[in-house]
Structures are given as structure tokens and as C-alpha cells.
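Trainee: Here you go, sequence then predicted model.
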There are 2 protein chains.
Amino acid sequence: MKQSFLVTKTRKEGLGEDTAINAELLVRAGYVHKTMAGVYTFLPLGLRMLNNIVGIIREEMDAIGGQEMHLSALQNPSVWQESGRWGGDAESVWFRSSLQSGGDVGLAWTHEEPVTEMLRHHVSSYRDLPCSVYQFQTKFRNEERAKSGLLRTREFLMKDLYSLSRNEEEHKAFYERCAGAYLRIFDRIGLGDSTYRTFASGGAFSQFSDEFQTVLASGEDTIYLHREKRIAVNEEVYTDEVLEKVGLDRSDLEQVQSCEVGNIFTLGTRFSEALNLLYTDESGDTSPVFMGSYGIGPSRLMGVIAEQYSDGEQSMVLPDAVAPFRLHLIALGASSQVQEAASTLYDRLQDREVSVLFDDRDLSAGEKFADSDLVGIPHRIVISDRTQESGQVEYLDRKTGKTSMHKTDPDGMVKLLYA
Amino acid sequence: MKQSFLVTKTRKEGLGEDTAINAELLVRAGYVHKTMAGVYTFLPLGLRMLNNIVGIIREEMDAIGGQEMHLSALQNPSVWQESGRWGGDAESVWFRSSLQSGGDVGLAWTHEEPVTEMLRHHVSSYRDLPCSVYQFQTKFRNEERAKSGLLRTREFLMKDLYSLSRNEEEHKAFYERCAGAYLRIFDRIGLGDSTYRTFASGGAFSQFSDEFQTVLASGEDTIYLHREKRIAVNEEVYTDEVLEKVGLDRSDLEQVQSCEVGNIFTLGTRFSEALNLLYTDESGDTSPVFMGSYGIGPSRLMGVIAEQYSDGEQSMVLPDAVAPFRLHLIALGASSQVQEAASTLYDRLQDREVSVLFDDRDLSAGEKFADSDLVGIPHRIVISDRTQESGQVEYLDRKTGKTSMHKTDPDGMVKLLYA
């Protein structure tokens, strides 16, 4: 895409208040726009990054047999009353509204109830199990405070998968496959090294749930991590009893701030019993389906990545797999020779399906580099009068900071960009 | 995908009430699930169809220079108060709720206000114009009645594009390009022949808006169409004065029921003035940006297509471009020879990137054919003991109803399927 065509610009001024680093960076880089407290719009660059994250998660969910669907946001209270989550403790998280035709509706903050109700119409026999369904869907949570930028919002994109098994053993096998898929996702999007599988509080059906926590100074959670074993314990279950149970010693653990980037839960028969999702086994007996739920928030991940891959102020260098473009091609100076060389290279790289943001704007070198530092595309090529003299272009690998001169052979460029 | 793996099934019983044909068909075929009145879940088959429609719309919007982004559903009243659309006439369509931290919020039923507010931070000069942004986003409308299945829902996916121009002339040029893109979209998804550009009531800045209306017996609108000229007049502006103005004669027009599948509007400076979206021209003068808005509802299109490409009861034959799979491969009988031949053909076609639903289930021929008729995949191949005897497979082009015998050469099959 030509940058002169891109509808958004970087912004010198940020949000002008007490803002989380991730939101400040992403607003200034033109990735997101703050609509209101805890609510963000994804601008073209931000949507490209979000879609890259979504694409990776989708591949990994498909690979473990997940089937994608899409549930609704609007919710009929009745199905939530059956499980006891319309009122009571869960009350404050709901956004509630009224139908013009009469009656209440709520905006889904999770989907265990509606997915269980829906599956009742399709799953009835052991032959239908195990199976799993997932979605990328907008969740709404009526958070009292929303001060961590994209890390805690009132409206956010979530990938939630629900697994259905015949029994606990079958469930556990899938649960571990999904845990593996989660680790692959965090690896692929650049958070593998900083993300730890973490013991957290469970529920009616298991002592623990598993969280995936990314070490992050601005994170809202406190965990105790064992760097070598690559596991951690959430503060909420950090007791002697738990440590003994999971075989960890306080002296080996390090207290850090972190952000929860995924969680997986054993639901057991909590919802299948409440909502009557039953199956008939080989001998004709009926049992409630054994369920699990598995969440990852792509928009939160976007905030975590922005924060982790930045200097916190003027610069981001995003991982290849999630950056909105692979290459930032910058033409310096208005000479027709430079513009023509850059334009030709741009076309040839696009022909080779390299995603390129081409800064063809009439701005100074200083302005272009400052923009490029902030926008965070990991590979940069500069064409200027100076590089033209040598018949070459200057390549900067922003991850390493190393520059090198190269011929304008597009196939060679492709090799360089995907090295 | 193997049908034994598909989590959903066809349903014999439909919604069991006074239901629109499109919803009845799509529920029974396992494409959607009704969550509540006017609210649907998209099941794996339905989501594939929806994504095919979305993909075609995206290509056409990108081709006219639209830049994709994603605005929020939650809305701060303040920006709508500036334009006068928080209360008053628009009041009933809003779903409203309250923040736990205090204050009202609404769920966006359209996005002129927030897109205008957002663009204020990025567009300020004639150099930034013209431009256009669009999104696929869930809209919420507090409809009093929701009785037309997917044709009128309380929650639905919408593609809305907003164009920004320097003046009316520049706007009109884009407006016509977008009208052309819309006609290409309807052609590609199989509604070209039955969809008419229709004069409808305009607004402050133009006498007419343009609707795109698909002739449909169950449609909520009445239009007067000129089949040869391929234009129509909406009942709401069907007066002698208008007919004279647009050069049509009552005697040439045919009254039909139809469903609005798209609309394009000249907004003029209605929102840019209210919300201060201004640009500076070459001579330094400041003017409000001239805007347009352009909507298409992919989930409504899904309902229209289902209804149009069905017998209204037991059978659909979806257009190639939108069907969830290109080919329904059906193995009949449990003989290992049949299962093996079908399985091999399935693998080979998947290697060639043909999307195949492979009915590998242990069901009778009658059950499989009834399912296949309902599910609506346009191409069918049957492998049975009988076809195996001749070393061939039976191909059915469901559009024409013609069957023919073919060798199991996968490249030949691909040719047949994409003929």
C-alpha cells in the first residue's frame, strides 16, 4: 500500500491523559482510535495486525479439530437463568438492555450457556463426541475501570473454544492438545519466550485452571515463575499447600508482573447439566457431556505485543508474523530517479506477494524515519539519491539494527526479507 | 471436511412457528441457529457461506480504493448528541445500556458519527481527499418485529463504507464507482439477474438515494420495476412527479415485492458539519468534507440467496461462489471398496484445493440424498457399488439436474467442477 493513500497518519499527540503504554503507542502509530474509555476502533494498520494474530490462532484451532462458528452478542436471559449466571455474582459484568417489544436482553461477556444450548440440537450420541467449536467474537464486559489500554477493555475480540467430551479422560487429552496449541500460538506471534503456563484457581471440576501469562511490567497480574521449568503460579493460588502439590519451591520462584494472554478451563458438567446437553452412550445410557473452555483475546495480544516490542516511547519493532506489512519501503527526496526506482521495486515486490508499505509521501527524511520507527514494520529499505549513485538500496533489519547495501534484484530482496 | 466430523446436523423439525422460508431452510440445513427472535448464530456451514459473501464484497470494496477498518459497537452518547441522533426519531432503534462506572452507552446501529469523529484525527487537507473507509461490523437494531428470518434481525453483520470527497462532483464520481461495484457483487453472488438499482427517498443533500432491490416474494418492500432498463422505483417515491423526473412511464412498470440488499446515500456535509470534519483546500480555505455512505448486509444476503435458490421446502442449490463447499462427495454403502475409493478421491481433490464435504457417514442412500438436497452444495459426486462396477463415479450438476458418469481422474474432476 502506498502511504500517501493510507487514510490514517501517525499522531504526535497521544491520548493526553494517564494512558497505558500500549494504547499510547498504538494510537500514535495510527493502529487504533479510542472511541471511549475501554473501547477502541481498529484502523487499517491495526486491523491488519489483528487479522494476522487471528489467522495464526485460527490455523492452530483448526489443527486440533476446532470447527469455527459465530454466536450472537445479544442474549436471551432465559438460558443464563438456567445456569444461574444472569443475576448474582455475575451481575455487574453484564451490559443489559431492553427490547422495544418488551423483555430484557444482555450482551454476551462469555458464551458457555448459548453454545451449550445450541449444541443440544446437534449433539446427542457418543458418536458425536468428542468435538469442539470455536469463534472469534466480540465480547462485552461492563468493567468498572478500563485503564490498561487494550489489555482490559469493555468491548474486545475473543477467540473462545468449547470442547465436548464423553468423560474426563477424553477431556484431559483434548485439554493438553489445546494447551500445546496455545504455546505454539504464543511462539508464532512472538510471545513464546515471555509466556508461561500458570497454575490458577480452578472451579467445581478441577483444582486448577491453566492461564498463560506473559511477563509484562504493566501487567495487572502477579505470578511466581520458574524460568527453567517454564511454569508459574498465580498469586491467587500461591500457598504452601499448592506449591507442594505442584512440586515447586518458593526459593526457585521469581515474582513478576504479568498479563494473562490465554486461559483454559475444565467446565466438567456444570453447563451440560444445567442446560441439558446429554449424550447416549453405546449401551443406551444417558450422561451429561463433559466440557472445557479455552480463551484467547487477540486484541489484548495486540496490546501486549506492542508494549513488549517497543521502547515504550517512540519506536516499535513488531514480529514478522504479526506486523501489518513485512517491509517499509522508503523513498527519500523528490528526484524522479528515486521515485521511479522505488516505485518499480514496490511493484515487483507486490508481484511476489511481499506486503509492502511504500512511503511515497513528500516529507523530509527525518519525518519519514520517525514515522517508520513508530509504525514498527520490521524490515526497511531506503532508496535515496545516495543509494541510487551506487545502484543499490539500503536495507535495515530493525530487529538487529544492522544495515547493508543490496542490489535492487527483487528475488534477492525476497530472500533477504524472509531469511 | 468429512461429514462425520461436522458438528452440526440437518434438522427434520424447523423452528415450529410462523417462520420465514429463509430461516426455516437455513436452520434445517444446519447453517444457522436461532438464539432468540431476530438473533442468529452462524454454524460452521453458515459461517463458510457468510465468509464467501464477505470475501467477495471485500474484494470489490478494495478494488474501488476502500480501506478496511473496524469501529466499535459500544458508543458514547456525546458524539451522537452532536448530530442529534441520540434521542428524537432515532430513539427507538437504539439498544441502550449503562456503564457500571456511570453514564449511558448505546450499541451502534450505524456508524456515520463515530467514523466522522475518528477521521477528524486523520483527515485535514485536500491532499487527504478523496478517500474511503469500510468495515464488516455487527450492527444492533432494536426492531419492534423480527419476523423475516435473516432478512430483518436485531443483530446483523453489515458492510458499511464511508466516502470522503472535497466536493459534490468528486463525490458523485465515487458514488457511481461504488454503484458499479455493488452490481458486480450481486452478479458474483448469484443475485445479479434479480437485483435492480432503485430510486428511493434521499435526504437533505439529494432527492434520491439508491437502493438495490432483489425481487423476492417474501420481501418487505414494494417496487415498480422496468425489466429492460434494469431500474426500479421504490413505492415510497412512486409519484407522477418522480416518474417524469426519472423518465419512466407507469405503463412500462411492474409492481413486485422485493428485499433491499444494498443502499447508497449522499450524506453531503450533514455529519462533517455537525462533527467538524473539515479540510483545508489549496488556497488555505476550510470547508466541511462531502460524505457518502454505502451499506450491504452479508447476513441478509445469505437469507435472500437461500430463499431464491431453493424450492422453499426441501432443497437448495446454492451458487458456486457462495456455497460452503464446492462439492458434496457421497459414498453409498459400507463396502470397503467404496469407502476407499471415495476416501482416495476426497484426498486427491483436497490436494487440488477443491473444497469438499465428504459424506462418509453410515446412513442410507435416502438419508444422504435428502441431506445433500437440503444442504445445497451445487456439485455432487456419488460413489457406490454400482458406480464402482464401471470403475466410474456419478456426477450430478445440481443446477441443471444432469447426471453423467466420469472416470475417477482427479484433474478431470477439477475441470468438471470448475467448468
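Mentor: Alright, I've got the coordinates. Numbers count the residues shown, from 1 in each chain, chains lettered A, B, ... in the order given.

Trainee: Determine the number of other residues adjacent to A:Ala365.
Mentor: Look at A:Ala365: counted by other C-beta atoms under 10 Å in any protein chain shown, it has 12 neighbours. Placement of C-beta: from N, CA and C, glycine included.

Trainee: And the pLDDT at it?
Mentor: A:Ala365 carries a pLDDT value of 96.

Trainee: Wait, it touches A:Leu332, no?
Mentor: Yes: A:Ala365 is in contact with A:Leu332 according to C-beta atoms under 8 Å; the separation is 5.0 Å.

Trainee: and A:Arg154, how many neighbours?
Mentor: 25.

Trainee: That should have said A:Val54, apologies.
Mentor: Neighbours of A:Val54 using other C-beta under 10 Å come to 18.

Trainee: Spatially nearest residue to it (excluding sequence neighbours)?
Mentor: Excluding the flanking residues, the one nearest A:Val54 by C-beta to C-beta, 6 or more residues apart in numbering or on different chains is A:Pro298, at 5.2 Å.

Trainee: Quick check: the one you found touching A:Asn52?
Mentor: No: with contact defined as C-beta under 8 Å, A:Pro298 and A:Asn52 do not form a contacting pair (9.4 Å).

Trainee: In terms of neighbours, single out the busier of these two.
Mentor: Taking neighbours as other C-beta under 10 Å, A:Pro298 and A:Asn52 compare with A:Pro298 leading, 25 against 22.

Trainee: quick one, what contacts the more buried one?
Mentor: Neighbour list for A:Pro298: A:50, A:53-54, A:57, A:136, A:157-159 [criterion: C-beta atoms under 8 Å, 6 or more residues apart in numbering or on different chains].

Trainee: and for A:Ala365 and A:Leu332, which residues touch both?
Mentor: Common neighbours of A:Ala365 and A:Leu332 (C-beta under 8 Å, 6+ apart) are A:Ser384.

Trainee: on that earlier part again, now intersect the contacts of A:Pro298 with the strands, please.
Mentor: Applying DSSP state E to these, the entries found in strands are A:136, A:157-159.

Trainee: For those, pick the one with the most neighbours.
Mentor: A:Lys159 (24 neighbours).

Trainee: Report pLDDT for it.
Mentor: As predicted, A:Lys159 sits at a pLDDT of 98.

Trainee: what sits up against stretch A:162-180?
Mentor: With C-beta under 8 Å, 6+ apart as the criterion, stretch A:162-180 contacts A:64, A:111-112, A:115-116, A:119, A:123, A:126, A:128-134, A:161, A:197, A:210, A:264, A:266, A:268, A:277, A:279, A:281, A:287, A:289-294.

Trainee: typo on my end, it should be stretch A:399-414
Mentor: Against stretch A:399-414 from outside (C-beta under 8 Å, 6+ apart): A:317, A:341, A:344-345, A:348-349, A:351-352, A:354, A:378, A:381, A:387, A:390-397, A:416.

Trainee: Would you mark the buried spots in it?
Mentor: Buried residues in stretch A:399-414, counted by 16 or more other C-beta atoms under 10 Å in any protein chain shown: A:408, A:410, A:413-414.

Trainee: For that stretch, measure first residue to last.
Mentor: Stretch A:399-414 has an end-to-end distance of 17 Å (criterion: C-alpha to C-alpha, to the nearest Å).

Trainee: now do stretch A:132-151
Mentor: Using C-alpha to C-alpha, the end-to-end distance of stretch A:132-151 comes out at 27 Å.

Trainee: what's the average pLDDT for it?
Mentor: The average of the pLDDT scores along stretch A:132-151 is 94.

Trainee: residues from the stretch 151-300 of chain A in reach of chain B?
Mentor: Contact residues (C-beta under 8 Å from any C-beta of the partner chain) of the stretch 151-300 of chain A with chain B: A:154-155.

Trainee: tell me the domain boundaries of chain A?
Mentor: Per the record, chain A has its domains at A:21-308, A:327-417, by automatic domain parsing.

Trainee: Just checking: what are the partner strands of the strand or helix carrying A:Tyr162?
Mentor: Taking DSSP states H and E as the definition, one finds A:Tyr162 inside strand A:155-165. In the sheet, strand A:155-165 lines up against strand A:131-140 (antiparallel), strand A:290-296 (antiparallel) (DSSP bridges).

Trainee: Turn these into TSV, columns for distance to A:Glu24.
Mentor: TSV is the format used below for the strands paired with strand A:155-165 (distance: least, C-beta to C-beta, whole Å):
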stretch	distance to A:Glu24
strand A:131-140	23
strand A:290-296	24
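
Trainee: deepest of those strands, which one?
Mentor: strand A:290-296 (a mean of 24; mean count of other C-beta atoms under 10 Å in any protein chain shown).

Trainee: Now do that one, average pLDDT.
Mentor: Mean predicted confidence for strand A:290-296 is 98.

Trainee: got it, and stretch A:174-190?
Mentor: Mean predicted confidence for stretch A:174-190 is 98.

Trainee: List the buried residues of that stretch.
Mentor: A:174-175, A:178, A:181-186, A:188-190.

Trainee: ok, these vs B:Gly14, which is closest?
Mentor: Using C-beta to C-beta, A:Phe174 comes nearest to B:Gly14 of these, at 32.4 Å.

Trainee: And the helices in chain A?
Mentor: A:21-28, A:44-63, A:77-83, A:112-119, A:168-188, A:240-246, A:270-275, A:298-308, A:336-351, A:365-375, A:385-389, A:410-417 (DSSP state H).

Trainee: Go through those helices and name the closest to A:Lys147.
Mentor: Using C-beta to C-beta, the helices of chain A put helix A:21-28 closest to A:Lys147, at 9.4 Å.

Trainee: so how far is the closest one off the chain centroid?
Mentor: What separates the centre of helix A:21-28 from the centre of its chain is 16 Å, taken as C-alpha atoms, centre = their mean, to the nearest Å.

Trainee: can you check stretch A:119-139 too?
Mentor: 23 Å.

Trainee: Make sure A:Ser101 is actually in contact with B:Arg145.
Mentor: Yes: using C-beta under 8 Å, A:Ser101 makes contact with B:Arg145 at a distance of 7.0 Å.

Trainee: more crowded one of the two?
Mentor: A:Ser101 (13 against 10).

Trainee: How about that one, nearest residue that isn't a chain neighbour?
Mentor: B:Glu144 (5.4 Å).
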